[in-house]
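Novice: output the structure for:
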Amino acid sequence: MKKGSHFVLLALLVLCVAANGFAGGSKEQGKAAVKEQVIKFSTPVAPDHANNLSALKFAEDVAKATGGKLKVEVFPANQLGNVKDVIEYLMTGSVHMYIGGTSETSLFQPEWGVMDCPYLFRDFDHLMKAANSDVIKEISDKLEKSRGVKILRADMYYGARHLTTRNKAIKSPADLKGMLIRAPDQPVYLEAVKAMGATPTPVAFSDLYMALKQGVVDGQENPIPTIYTYKYYEAQKFIMLTGHMLRVNVIGAAAAWYNGLAPDLKAAIDKELKASVEYNNQLTLKQENDMLEELKKLGMTVVQPDVAAFREAAKGIPKVFEKDWGKDTAARLAAVK
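Specialist: Numbers count the residues shown, from 1 in each chain. Prediction:
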């Protein structure tokens, strides 16, 4: 081989090595250029509550699905503020996502209150279908247009609410006459307890255990996991399986932030939220069964009340809130198949 040919080959070899080096450098620079976006996700429940555990699952899974582009920081137990405050933070963009009750969300779009209507839903399956219905989509669209809050999921199961009392088994609404039953200080809850036959007595959730222990109120109503976790069995003897409210929480996002995400990131959020809600729902259903058995072991007496009588007593509630919920909203949800 001629001397000039050796020189040409050597030059080509140097160029190839350099090209590979630059390519490798570009790859490394590309990796370094992946910008991590931190998402603040507020939940109102305790760290070990099923809703919060599902939020943690979502955080882990969405980080993997996006290759670290999205980092979700979960703030449980109202660390960023109560649900009303957090929704306002979403509207200003300082918080990205939240889990919250439909009652709190109704402060910003009144129609959401219909989801707390007593005996509106026949069972869990009906609740899930209603939460994913066109009726709820219409309400969600209104909230996004008026407040800039986008509801991503409306089917995060929170639990069936049941009645507990200190020293009296309740079979029918007549048995509650004259009894002080704690209710959240929200119109539909107060009206529900009143319809059930009791005197509704607002007590802050943080004060409820002591109010039960000291006899300030005769009873309260909450999902089974709440009754178990907060040890209300220490002050309550009877649990009546009234199932008067089948509750969901919603998962909302700052609409401007979410709508501005790249399509692949939105798809990852949607997919992993769906999986986390399914995880939450199955876990909550299991906890309801398991914790009821534990409550029995801890000394609570389980009472099967006349649910038909309670349902009949509550049938006028949609009319009371017709102005807020809309004339036929409750009827449309009840009719969902």
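Novice: from now on I want contacts and neighbour counts done on CA atoms only, so please keep to that.
Specialist: Noted.
Novice: flag every buried residue along the longest helix along the chain.
Specialist: Looking across the chain with DSSP state H, the single longest helix is helix 263-297. Buried residues in helix 263-297, counted by 16 or more other Cα atoms under 10 Å: 265, 268-269, 272-274, 276-281, 283-285, 287-288, 291-292, 295.
Novice: which residues in the stretch 151-300 of the chain form helices?
Specialist: Assigned by DSSP state H, counting those that start in this stretch, the stretch 151-300 of the chain shows helices spanning 187-195, 208-213, 224-229, 255-259, 263-297.
Novice: other SSEs contacting the longest one?
Specialist: This means helix 263-297. With contacts taken as 3 or more Cα pairs under 8 Å, 6 or more residues apart in numbering; DSSP states H and E, helix 263-297 sits against helix 50-65, strand 149-165, helix 224-229.
Novice: looking at those, which is nearest to Ile239?
Specialist: strand 149-165 (4.3 Å; Cα to Cα).
Novice: return the residues in contact with Met91.
Specialist: 147-149, 254 (Cα atoms under 8 Å, 6 or more residues apart in numbering).
Novice: what's the most distant pair in the residues you listed?
Specialist: Arg147 and Ala254 (9.3 Å).
Novice: show me which of the two is the more surrounded one.
Specialist: Ala254 (25 against 18; other Cα atoms under 10 Å).
Novice: give the bridge partners for that one, please.
Specialist: Beta-bridge partners for Ala254, by DSSP bridges, are Val149.
Novice: touching, it and Val149? I think so.
Specialist: Yes: taking contacts as Cα atoms under 8 Å, Ala254 lies within contact range of Val149: 5.1 Å.
Novice: tell me, what's touching the two both at once?
Specialist: In contact with both Ala254 and Val149: 90-91, using Cα under 8 Å, 6+ apart.
Novice: quick one, the longest helix of the chain and strand 149-165 angle?
Specialist: 0 degrees (axes from the mean of the first three to the mean of the last three Cα atoms, to 10 degrees).
Novice: show me what the next helix-or-strand element following helix 263-297 is packed against.
Specialist: Following helix 263-297 in sequence order, the next helix or strand is strand 301-303 (DSSP states H and E). When contacts are defined as 3+ Cα pairs under 8 Å, 6+ apart, strand 301-303 sits against strand 238-254.
Novice: what about the strand it packs on, distance to the chain center?
Specialist: 9 Å (Cα atoms, centre = their mean, to the nearest Å).
Novice: I'd like the contacts of Met91 as TSV, with pLDDT appended.
Specialist: Below are the contacts of Met91 laid out as TSV (pLDDT from 0 to 100):
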residue	pLDDT
Arg147	98
Gly148	98
Val149	98
Ala254	98
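Novice: could those go into TSV alongside distance to Asp134?
Specialist: Shown next, in TSV, are the contacts of Met91 (distance: Cα to Cα, whole Å):
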residue	distance to Asp134
Arg147	20
Gly148	20
Val149	18
Ala254	21
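Novice: pick the most deeply packed of the helices and strands packed on helix 263-297.
Specialist: The highest average neighbour count among the helices and strands packed on helix 263-297, using mean count of other Cα atoms under 10 Å, belongs to strand 149-165 at a mean of 24.
Novice: what is it packed up against?
Specialist: Strand 149-165 packs on helix 83-92, helix 124-131, helix 134-147, strand 219-223, helix 224-229, strand 238-254, helix 263-297, going by 3+ Cα pairs under 8 Å, 6+ apart.
Novice: can I get the CA coordinates of it in CSV?
Specialist: The C-alpha atoms that make up strand 149-165 are tabulated as CSV, following Å, rounded to 0.1, in the frame of the first residue of the first chain:
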residue,chain,number,x,y,z
VAL,A,149,-59.7,23.1,37.7
LYS,A,150,-59.8,19.9,35.6
ILE,A,151,-61.2,16.8,37.2
LEU,A,152,-59.1,13.8,36.1
ARG,A,153,-60.9,11.1,38.1
ALA,A,154,-64.2,11.2,39.9
ASP,A,155,-64.3,7.6,40.9
MET,A,156,-61.8,7.3,43.8
TYR,A,157,-63.9,5.3,46.3
TYR,A,158,-63.9,6.7,49.8
GLY,A,159,-66.3,4.4,51.4
ALA,A,160,-69.9,3.8,52.5
ARG,A,161,-71.0,5.9,55.5
HIS,A,162,-72.6,4.2,58.4
LEU,A,163,-74.1,5.4,61.7
THR,A,164,-72.7,4.6,65.2
THR,A,165,-74.1,5.3,68.6
